[in-house]
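S.K.: Have a look at this prediction, sequence included:
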Amino acid sequence: MDTKEKIFAQVKKEGRTVLTEIESKEVLNSVGIKTVETRQASSKEEAIAFSKQIGYPVVMKIASPDISHKSDAGGVKTGLKNEAEAAGAYDAILASIRKNCPGVKIDGVSVQSMARPGTEIIVGMFKDLQFGPVLMFGLGGVLVEVLKDVCFRVVPLMPRDAREMIKEIKGYPLLKGYRGFEPADIPFLEGLLLRISDFCEKSPEVKELDLNPIFVYKDGAAIVDARMVLEGSAPPPSK
């Protein structure tokens, strides 16, 4: 079994459909879709150790299959610059989750390097009853819910589809470089869309995929967060 098959098998064995952030990123990394280095800590001491190994500044996020919107629940701390801040963030995250989301399953806290700022985009996939896997692209971060500036294509994508998707959104001028915004690496984004399309086509077990945010730069991009849902049961909870 390759990495993807092993993780999918383990998730199904445990009766889950929602992959953790770590599992989602491991699957993507195994098929050549590189994500920001992330490790899962089950204790404060482990979180501090991982922070040192990854190198400050770091970001900490709650690791829970029951929480989709981590920031809204107080489960994200960014820009942690030293051991004291890392320790405080670990405690603060767990305290916020226990207060705001009582009873949810907590796997620990993920630790990842803090990506430099860039224009935020989202790439996602969902299964349409008529058309099958549909890929989504648009402005990401909080903007995806506010502006809803996204477009869609049925999988598999052709190179022309990837080019058209990027140009189709209203935020395309931001990707070209606008009033201080760094121009995005458009060829890289086209390739990323094609790789994700290929992954979705070859992974019929995947019901949903959400990569948000992705920070795009003039020389590539950084996939900061990833969420993956497998076929199998009712939709996952959203908290």
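M.R.: Yep, it's here.

S.K.: Report the beta-bridge partners for the nearest residue to Ser42 once chain neighbours are set aside.
M.R.: Nearest residue to Ser42 in three dimensions, chain neighbours excluded: Gly108, at 4.3 Å (CB to CB, 6 or more residues apart in numbering). Yep, even glycine has a C-beta here, placed from its N, CA and C like the rest. Beta-bridge partners for Gly108, by DSSP bridges, are Ala63.

S.K.: Count the neighbours of Gly108 for me.
M.R.: Neighbours of Gly108 under the rule other CB atoms under 10 Å: 19.

S.K.: could you list every residue that touches it?
M.R.: By CB atoms under 8 Å, 6 or more residues apart in numbering, the contact list for Gly108 reads 40-43, 46, 63.

S.K.: Which of the residues you listed ranks first by neighbour count?
M.R.: Busiest of the contacts of Gly108 [other CB under 10 Å] is Ala63, holding 24 neighbours.

S.K.: That residue and Lys105 touch, don't they?
M.R.: No: judged on CB atoms under 8 Å, Ala63 makes no contact with Lys105 at a distance of 9.6 Å.

S.K.: What's the separation between the closest residue to Gly232 other than its chain neighbours and Met228?
M.R.: If the residues on either side of it in the chain are set aside, Gly232 comes closest to Thr17, at 4.6 Å by CB to CB, 6+ apart. Thr17 sits 9 Å away from Met228, going by CB to CB, to the nearest Å.

S.K.: Between those two, which is the more surrounded one?
M.R.: Between Thr17 and Met228, counting by other CB under 10 Å, Met228 is the more crowded of the two (26 against 20).

S.K.: packing partners for the lengthiest helix in the chain?
M.R.: Counting residues, the longest helix found in the chain (DSSP state H) is helix 83-100. Contact here means 3 or more CB pairs under 8 Å, 6 or more residues apart in numbering; DSSP states H and E; on that basis helix 83-100 packs against helix 44-54, strand 58-63, strand 76-80, strand 108-113.

S.K.: how much does it deviate in direction from helix 44-54?
M.R.: Counting by axes from the mean of the first three to the mean of the last three CA atoms, to 10 degrees, helix 83-100 points 130 degrees away from the direction of helix 44-54.

S.K.: Pull out the buried positions in helix 83-100.
M.R.: 85-87, 89-90, 93-94, 96-97 (16 or more other CB atoms under 10 Å).

S.K.: ok now that helix, how far from the chain's centre?
M.R.: Distance of helix 83-100 from the chain centroid (CA atoms, centre = their mean, to the nearest Å) equals 21 Å.

S.K.: Could you do stretch 121-140 as well?
M.R.: For stretch 121-140, the distance to the chain centre is 14 Å (CA atoms, centre = their mean).

S.K.: cool, and stretch 185-195?
M.R.: Remark: stretch 185-195 is offset 16 Å from the chain centroid, using CA atoms, centre = their mean.

S.K.: what's it in contact with?
M.R.: Here stretch 185-195 has contacts from 31-33, 121, 123, 135, 137, 157, 159, 161-163, 165-166, 175-176, 214, 216-221, using CB under 8 Å, 6+ apart.
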